[in-house]
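Student: what's the 3D shape of this:
(chains A, B and C)
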Amino acid sequence: MPSPELPIPSVRGGAPVGAPSKITQGSRARGGVGESTLRPDGILKVTGEFAYSSDLWHEDMLWGQILRSTVAHAEIVSIDTSQALATAGVYAVMTYDDLPTGVRNYGLEIRDTPVLAHGKVRHHGEPVAIVAADHPETARRAAARIKVEYRELPVITDEASATAPDAILVHEGRDDHHCGHVPHPNIVHRQPIVRGDVARARRRADVIVEGEYTFGMQDQAFLGPESGLAVPEEDGGVHLYIATQWLHSDLRQIAPVLGLPEDKVRMTLSGVGGAFGGREDLSMQIHACLLALRTGKPVKMVYNRFESFFGHVHRHPAKLHYEHGATKDGKLTHMKCRIVLDGGAYASASPAVVGNASSLSVGPYAVDDVDIEAIALYTNNPPCGAMRGFGAVQACFAYEAQMDKLAKRLGMDPVEFRQRNAMEQGTLMPTGQPVDSPAPVAELLRRVKAMPMPPERQWESSEGPDVRQLPGGLSNTTHGEGVVRGVGYAVGIKNVGFSEGFDDYSTARVRMEVINGEPVATVHTAMAEVGQGGVTVHAQIARTELGVTQVTIRPADTRVGSAGSTSASRQTYVTGGAVKNSCELVREKVLEIGRRKFGSCHPAWATAGLLLEGGKVVTEGGEVLGDLADVLEEEVVEVEEEWRHRPTEAFDLRTGQGNGHVQYSFAAHRAVVEVDTELGLVKVVELACAQDVGKALNPLSVLGQIQGGTTQGLGMAVMEEIVVDPRTAKVRNPSFTDYLIPTILDTPTIPVDVLELADPHAPYGLRGIGEAPTLSSTPAVLAAIRDATGLELDRTPVRPEHLTGTA
Amino acid sequence: MRVNFTVNGRPQEADDVWEGESLLYVLRERLGLPGSKNACEQGECGSCTVRLDGVPVCACLVAAGQVEGRDVVTVEGLAQFARQRAAGGCATGACGTPLDEARRWQAEGTGPGTGEDAGLSPVQQAFIDAGAVQCGFCTPGLLVASDELLERNPNPSDADIREALSGNLCRCTGYEKIMDAVRLAAARRSEEV
Amino acid sequence: MDFLRPASWEEALAAKAEHPTAVPIAGGTDVMVEINFDHRRPEYLLDLNRIVDLYEWETGAESVRLGASVPYTKIMENLRAELPGLALASHTVASPQIRNRGGVGGNLGTASPAGDAHPALLAAGAEVEVESAARGTRLIPVDEFYTGVKRNALRPDELIRAVHVKKADGPQQFSKVGTRNAMVIAVCAFGLALHPATRTVRTGIGSAAPTPVRAGAAEDFLNAALEEGGFWDTGKIITPSVAKRFADLCSAACNPIDDVRGTANYRRHAVGVMARRTLTWTWESYRGARPAPEGAA
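Tutor: Modelled structure (predicted):
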């Protein structure tokens, strides 16, 4: 069953408990903007009734199963599906040859990804065939009976093998819009940024620091597996219930492959069990639709965790080479860097990740003379694309390591050194774009440093050491031996919204009417609620703008215009902005009705600035002009309108100059760690964060985003990495047994200091917040480990063998 | 094969069960109880945590045939379970659920979820109030585990909470609000006493 | 696939005799993962959940007879005094949910070198009680039980009924290295037991060789050093050079591989560190428990 409509309950007084926070609350409408209203889907989620995409069920439904390649790079010699087809309970088996139209590829920006492999597989786990059967086990057994003969090809796994003179081209005959400017066809995209005169600036440097950094492949590891239900419809179309980050982007890629016009592919958002970028690309969407249309039956597909590691793109692993110079008094002179991102077998979001990595490679610092290059490779490694932080994360790990190195060389305090070079409002980005809203980088560092330190040796108790609070935890590896504390700092910059000239907009349909004597607003968008709390915020905006208590959030679907992606920290800004805008238009219409009906009764109806508050029309001075119920009576006011943030420009392909970004988001972290220096085990004791959020529309959700993002950064620092065998390009740890994410015992207290400096260009002055905390968390933990151990540590995640010289 | 067992106080029968099926699959796909979640199916995430004869276990690692004749409580039955416990009844369900109780439970599940009278258990309410729910996929398992912790230890230290919940992965919250929720549930309970 | 549900031990033995390929399933924490991930499709699953006595333990004069299915949680809660090493090891197993289901019988049956119980069993000294319908019961010393990577001395018609673990006559410790602070499979693990009654020290190493192993040479060295130095009588602090030599020999007893969880070098190194630390902890505990020597401050 699809999710029911979500009527918003009236607000309970749910003050956050325990978390130190400096957010001030307050709003004119009860449950409006700025309050910690509770999630409208909260009750469904705690009772188990909230329907996620893997919970759907339909009478007579079949189960879909994908057969994936067992090798990373090979020609497909033959595929024999006869035994699979002959299996009892099997309704369909499809391969590339069974695709219904000439459109057989999809992709976010470059349509280079085959729906089913055609003649060649380019990475381990690539979909080769699909099966529909009456039970998942039947489908699995049938898939196992498909015989695929491969002729293996050499694997391309890094820059050297990708750009060697005789390198096999991962994609032959490229004709995408990047192929003309890249130095090699195995490079997806290249973005240089050149500004000032590095050679001259370099001569002013008293110290020069270089570093070569490695960033591992991180997985989004959302808990809700890729899944959905495709239901064939009587008109020959299909209705797909799906967990995704952007319904309309999916639709644009799905419909042509099915040979259907977009209005015959209806999409409804099901419950989404987390996303973090991993649902920007399609997974099983087209496969389920193909099988449903082929069999005429509803088809459900659910990946298990093993398959999920192959079913979505990961964060780009990267090699980053940095050079910074600084004067004796601690001013940066110049920065040179080269960032090589491994995009894997298909482009996915690689071009945009390159744009971010290059344009944010300097970090939140003022440096006039820069020479930057970022590229993404095509290889036979798993495809990489969007993940929270999107290119900015890898760069932040490297430039923050550089800052510490420079501070050390100069004998300066690492925080003070950063503050001396911190960007501020008005600073030029390396792209030449001025930062035109608050950039409180130095202040965030000051705040995070000023937070009280956690007490030493918290693991000591009268009954002896509490191992749960020591490195190694329950595994009982130390009772204090070898344990050294370290402290580290980091700060980062992330862009908000889609950049580089992308037409980034959202659509909101807002309706107002009187039901049972009470004015009720209904908000309908296609925004993917993936857990971030967008639905909570939409209701708050409607309450604030329309003065109602009751707000109904309609399920997201494609019957309303695109909301854009739940990515890039953009939804509160852009779809929030669209909801606000549509609410304002609704308000104008309501006031128009009021003027028509009652304008003659009171002269104030003719004044500007009338508001809707508490179910009434009021003047700015607070005088009540009438009840909304009386104004509207039987009338229904509805508006559907697109809303855009300020336009951006593409970066110049040669110089990287251009006003490419909309807004920036800043966070700083202080990590306190205790390292068992003998065993190389790390306990993060505390991870404090200070972040500027512009305006906290929902303070409780803001804290949740910051703490969640911080913890993903912690995971990247000490445990999370998809390990790919360099000889075979096969994934070695596709499971939660060997891809480790932090447990509650690995996660420290995360005190948060929230700063609210309004961005005058954004709705309510808000700043997108979801990603920034993921950036600085990782380098702060690494810095703290370096502080504890004295080791250089140029890769993340850092593993015990790196801390003990036993790699 | 056929499996008979009790779920949330009501007898259930599942037919044509494939021998390799897990309790989780039977709950989700055969009994219409998808509240227990399928995040990893390898016992690493805890999102499918249920009480089996009162003991918290990963439903994904219990073979369907192993629950024959046994008693299971899922997140869907947690509120009822907590109410019975508070009333001093047999919360494990081993002594059976009176028919009127079972009927009431059934009616509750069909409610619109508007929340005013959702009859949540204290720990469910605390998770909502403390902001411990984001995507919510880990929530059912965490609720079952947290409820059992507070049953055993009404006043847990932070380290106790972390240890008890160390088998439940959450990817959204960074666990801080989950800690708050459990502390809140414990505090509210001690206020009541 | 068939699901066999014996109601008694005798029925289980009969079923195993009739279907030697049947895979026993108790806690399910290994078997169900393999089924869920399509790594294994046994012809028969032999459910042991209904056999009540597998969940029971008896404490005898010399040893504890621990039913194969006694969950780790019960071991932690009830056998801390008798089997301190195994109780510590049990506490490091996966998560509370897993510890509520899994038991030592499963660890032995799977015989993964990473099984958490093995080092504790090796250090304490244990015998595995196995039985077949045809030949009855035999006791296999745990040292001889592990025969290869995920292979053990069980014959196809045999089932593990219990494990007889020697009751502690001195301090025991268990340490395990993982890259997460909870819910982690061992990168490597180490168990150590002091046996003052026999004036010996026993060890167990997990996940650092194809099978769980004892560090025989290290034990021999330490036993001799303790004896020669009169340590058991005086209870004096073990000299750092002795502890280091012991740790080095424990490292040398490893025969690890590089894998996704850790490098061979790291495993050797970490086993040495754990050997030194657990020796220190147990010895401190032994000294503390002894009556203070005369004239001591």
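Student: how about residue A:648, what does it touch?
Tutor: When contacts are counted by C-beta atoms under 8 Å, 6 or more residues apart in numbering or on different chains, residue A:648 touches A:498, A:499, A:500, A:501, A:502, A:504, A:659, A:660, A:661, A:662. In short, each C-beta sits where N, CA and C put it, glycine included.
Student: try it again with 7 Å
Tutor: A:499, A:500, A:501, A:659, A:660, A:661, A:662 (C-beta atoms under 7 Å, 6 or more residues apart in numbering or on different chains).
Student: which helix or strand contains the second one?
Tutor: Yep, that's residue A:500 we're talking about. According to DSSP states H and E, residue A:500 maps onto no helix or strand at all.
Student: next one: it from residue A:391, what distance?
Tutor: 12 Å (C-beta to C-beta, to the nearest Å).
Student: neighbour-wise, which of the two wins?
Tutor: Higher neighbour count among residue A:500 and residue A:391: residue A:391, with 30 against 21, using other C-beta atoms under 10 Å in any protein chain shown.
Student: local confidence estimate at that one?
Tutor: On pLDDT, residue A:391 comes in at 98.
Student: strands of chain B, start to end?
Tutor: Taking DSSP state E as the test, the strands found in chain B are B:3-7, B:10-14, B:49-52, B:55-58, B:71-73.
Student: got a list of what whichever residue of chain A sits closest to chain C touches?
Tutor: Using C-beta to the nearest C-beta, residue A:473 is the residue of chain A that sits closest to chain C, at 3.0 Å. Neighbouring residues of residue A:473 by C-beta under 7 Å, 6+ apart: A:467, A:745, C:181, C:182.
Student: quick one, phi/psi of it?
Tutor: Main-chain torsions, residue A:473, degrees, to the nearest 10: phi 50, psi -140.
Student: and residue 94, how many residues sit next to it?
Tutor: No chain in the question, so chain A it is. Other residues close to residue A:94 by other C-beta under 10 Å number 21.
Student: to clarify, I was referring to chain C.
Tutor: 22.
Student: residues contacting the nearest residue to it once chain neighbours are set aside?
Tutor: Residue nearest to residue C:94 in three dimensions, not counting chain neighbours: residue C:183, with 5.5 Å by C-beta to C-beta, 6 or more residues apart in numbering or on different chains. Going by C-beta under 7 Å, 6+ apart, residue C:183 touches A:743, B:44, B:166, B:167, C:94, C:95.
Student: can you report phi and psi for residue C:183?
Tutor: Backbone torsions of residue C:183, given as degrees, to the nearest 10, read phi 50, psi 60.
Student: residue B:165 versus that one, what's the distance?
Tutor: 11 Å.
Student: on that earlier part again, which one of the contacts of residue A:473 is nearest chain B?
Tutor: Nearest to chain B out of these is residue C:182 (C-beta to the nearest C-beta; 3.7 Å).
Student: pretty sure that closest one sits in a strand.
Tutor: No - read with DSSP: H, G, I helix; E, B strand; the rest coil, residue C:182 is coil and lies in no strand.
Student: what sits against it?
Tutor: Each residue near residue C:182 by C-beta under 7 Å, 6+ apart is listed here: A:473, A:474, A:743, A:745, B:166.
Student: go again with 8 Å.
Tutor: Applying C-beta under 8 Å, 6+ apart, we find residue C:182 in contact with A:473, A:474, A:743, A:744, A:745, A:746, B:163, B:166, B:167, C:95.
Student: likewise for residue A:476?
Tutor: By C-beta under 8 Å, 6+ apart, the contact list for residue A:476 reads A:467, C:88, C:91, C:92, C:173, C:174, C:175, C:176.
Student: relative to residue B:62, how far out is the residue nearest to residue C:94?
Tutor: According to C-beta to C-beta, residue C:183 and residue B:62 sit 18 Å apart.
Student: grab the longest helix from chain B for me.
Tutor: helix B:176-192 (DSSP state H).
Student: please report how far residue B:164 lies from residue C:36.
Tutor: 25 Å.
Student: give me the number of residues near the residue of the stretch 251-400 of chain A found nearest chain B?
Tutor: Closest to chain B within the stretch 251-400 of chain A is residue A:273: 3.4 Å, counting by C-beta to the nearest C-beta. By the criterion of other C-beta under 10 Å, residue A:273 has 31 neighbours.
Student: before we move on, the earlier item: how close does the closest residue to the residue of chain A closest to chain C other than its chain neighbours get to residue A:745?
Tutor: Excluding the flanking residues, the one nearest residue A:473 by C-beta to C-beta, 6+ apart is residue C:181, at 3.0 Å. The spacing between residue C:181 and residue A:745, counted by C-beta to C-beta, is 4 Å.
Student: likewise residue A:385?
Tutor: Distance, residue A:385 to residue A:745, using C-beta to C-beta: 31 Å.
Student: residues from the stretch 151-297 of chain C in reach of chain A?
Tutor: C:173-187, C:260-263, C:265-266, C:268-270, C:273-274, C:277, C:280-281 (C-beta under 8 Å from any C-beta of the partner chain).
Student: those residues in helices, which ones?
Tutor: Judged by DSSP H, the subset of these located in helices is C:265, C:266, C:268, C:269, C:270, C:273, C:274, C:277, C:280, C:281.
Student: pop out the phi and psi values for residue A:76.
Tutor: Phi and psi for residue A:76, reported as degrees, to the nearest 10, are phi -90, psi 110.
Student: and it, how many neighbours?
Tutor: Using other C-beta under 10 Å, residue A:76 is surrounded by 18 other residues.
Student: residue A:757 too?
Tutor: 17.
Student: ok, now residue C:23?
Tutor: That count, for residue C:23 with other C-beta under 10 Å as the rule, works out to 19.
Student: pLDDT wise, what is it at?
Tutor: Value for residue C:23, per-residue pLDDT: 98.
Student: which parts of the stretch 501-650 of chain A are strands?
Tutor: Under the criterion DSSP state E, counting those that start in this stretch, the stretch 501-650 of chain A contains strands at A:505-515, A:518-524, A:550-553, A:611-613, A:616-618, A:624-627, A:637-644.
Student: could those be laid out in CSV, adding mean pLDDT and mean neighbour count?
Tutor: As requested, the strands of the stretch 501-650 of chain A are exported to CSV (pLDDT from 0 to 100; neighbours: other C-beta atoms under 10 Å in any protein chain shown):
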stretch, mean pLDDT, mean neighbour count
strand A:505-515, 97, 22
strand A:518-524, 96, 22
strand A:550-553, 95, 22
strand A:611-613, 95, 22
strand A:616-618, 95, 21
strand A:624-627, 94, 17
strand A:637-644, 98, 17
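Student: out of those, which gets nearest to chain B?
Tutor: Nearest of those to chain B, taken as C-beta to the nearest C-beta: strand A:550-553 at 10.4 Å.
Student: which elements pack onto that closest one?
Tutor: Applying 3 or more C-beta pairs under 8 Å, 6 or more residues apart in numbering or on different chains; DSSP states H and E, we find strand A:550-553 packed against strand A:6-7, strand A:518-524, helix A:534-546.
Student: what about the nearest residue to residue A:653 once chain neighbours are set aside, neighbour count?
Tutor: Excluding the flanking residues, the one nearest residue A:653 by C-beta to C-beta, 6+ apart is residue A:181, at 5.2 Å. By other C-beta under 10 Å, 12 other residues sit near residue A:181.
Student: in chain B, what residue lies closest to chain A?
Tutor: Closest contact between chain B and chain A, by C-beta to the nearest C-beta, is at residue B:35 (2.1 Å).
Student: for that residue, what are its contacts?
Tutor: A:47, A:48, A:49, B:74, B:75, B:76, B:140.
Student: quick one: the residues you listed as a markdown table, columns for distance to chain C too.
Tutor: As requested, the contacts of residue B:35 are arranged in a markdown table below (distance: C-beta to the nearest C-beta, whole Å):
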| residue | distance to chain C |
| --- | --- |
| A:47 | 21 |
| A:48 | 17 |
| A:49 | 23 |
| B:74 | 14 |
| B:75 | 14 |
| B:76 | 18 |
| B:140 | 13 |
